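Colleague: quick one, what's the 3D model for this:
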Amino acid sequence: MSVESAAATAKISAALGSVGQGSAVSEVAERLLAFFTSGDIAPGTRLPAERTLAASLGVGRSAVREALAALEILGIVVVRPGSGTYLRDGVSELLPRTLSWGLMLGAPRTRELVELRSGLEVQAAQLAAERITDEALERMRGNLDTMAGTLDDLAAFVEADASFHREIAAASGNQVLQELLQSIRSLLRIWVDRALTDEGHAAAALKEHTKIYEALVERDVGAVTATMSSHMKTATRRLLAGFDAAQ
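Modeller: Okay, here's the model as predicted:
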């Protein structure tokens, strides 16, 4: 490590301070986020290694790893394989205080993210009903076939489910909406993965997706709104049930 890198590491470690053993990932992310947006660290700075940050904050490496992964999803840091993790340029402009996405990692914000996702999924489906192409519908038909064939393989089922929703977001023709949904899905991914716990849940989800698909084929905005709204209500109940069980 160069003298400059060692000095930067020491400065970052001293500024962060200890979070306290056992702190939630959200607290680690918030502490890192506050420092990264304080102006005390230059854009492009290489961050200390996970073990160094963990020691400075007084937490386990897994908490630091998960916090950095969330900040990478949000575009706050960038990981360069074989080199390290760096603070992204322009981070202060990316995250004004009113849009401090890092705060969404706690339990109350997770619930709000779930709520927001439901509304955005319905809006994406409404736009897709007017703009979706036959090619996109064909890919969605393939997603449904995969879901039907993987009711006993929940990991594969969830991936086909996600692909189905990505097609709808892309078909909306709204890039901002598409990217917002992708960011929210990434933050909620661990809970989405745990929402389906048996074949019965998967079979019910398949029926819900099939109804959405049929409404999209007809380009019926009203039916799409109703079927996606219904699906998001049941999907939200399943997701929050898994989230509550883990608290």
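
Colleague: helices along this structure, start to end?
Modeller: Using DSSP state H, the helices of the chain run over 3-16, 25-36, 50-57, 61-73, 91-94, 107-131, 134-149, 154-171, 175-195, 199-217, 221-246.

Colleague: where among the ones you listed is the average confidence lowest?
Modeller: Lowest mean pLDDT within those: helix 91-94, a mean of 51.

Colleague: nearest approach to T85 belongs to which of the helices of the chain?
Modeller: For those, proximity to T85 was assessed by Cβ to Cβ; helix 61-73 is nearest, at 6.1 Å. Where C-beta positions appear, they are placed from N, C-alpha and C, glycine not excepted.

Colleague: flag every buried residue along the closest one.
Modeller: If you call a residue buried by 16 or more other Cβ atoms under 10 Å, then helix 61-73 has these buried ones: A63, V64, E66, A67, L68, A70, L71, I73.

Colleague: mind putting those into CSV with distance to V176?
Modeller: Converted to CSV, the buried residues of helix 61-73 look like this (distance: Cβ to Cβ, whole Å):
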residue, distance to V176
A63, 31
V64, 31
E66, 27
A67, 26
L68, 25
A70, 20
L71, 21
I73, 16
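
Colleague: out of those residues, which is nearest to E112?
Modeller: Of all the buried residues of helix 61-73, E112 sits closest to A70, with 15.5 Å by Cβ to Cβ.

Colleague: and for the residue nearest to the closest one when sequence neighbours are not counted, the neighbour number?
Modeller: Excluding the flanking residues, the one nearest A70 by Cβ to Cβ, 6 or more residues apart in numbering is A29, at 5.5 Å. The number of residues packed near A29 is 26, by other Cβ atoms under 10 Å.

Colleague: coming back round to it: got the helices of the chain as JSON lines, with distance to V79 columns?
Modeller: JSON lines is the format used below for the helices of the chain (distance: least, Cβ to Cβ, whole Å):
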{"stretch": "helix 3-16", "distance to V79": "17"}
{"stretch": "helix 25-36", "distance to V79": "14"}
{"stretch": "helix 50-57", "distance to V79": "11"}
{"stretch": "helix 61-73", "distance to V79": "6"}
{"stretch": "helix 91-94", "distance to V79": "15"}
{"stretch": "helix 107-131", "distance to V79": "23"}
{"stretch": "helix 134-149", "distance to V79": "30"}
{"stretch": "helix 154-171", "distance to V79": "22"}
{"stretch": "helix 175-195", "distance to V79": "14"}
{"stretch": "helix 199-217", "distance to V79": "33"}
{"stretch": "helix 221-246", "distance to V79": "27"}
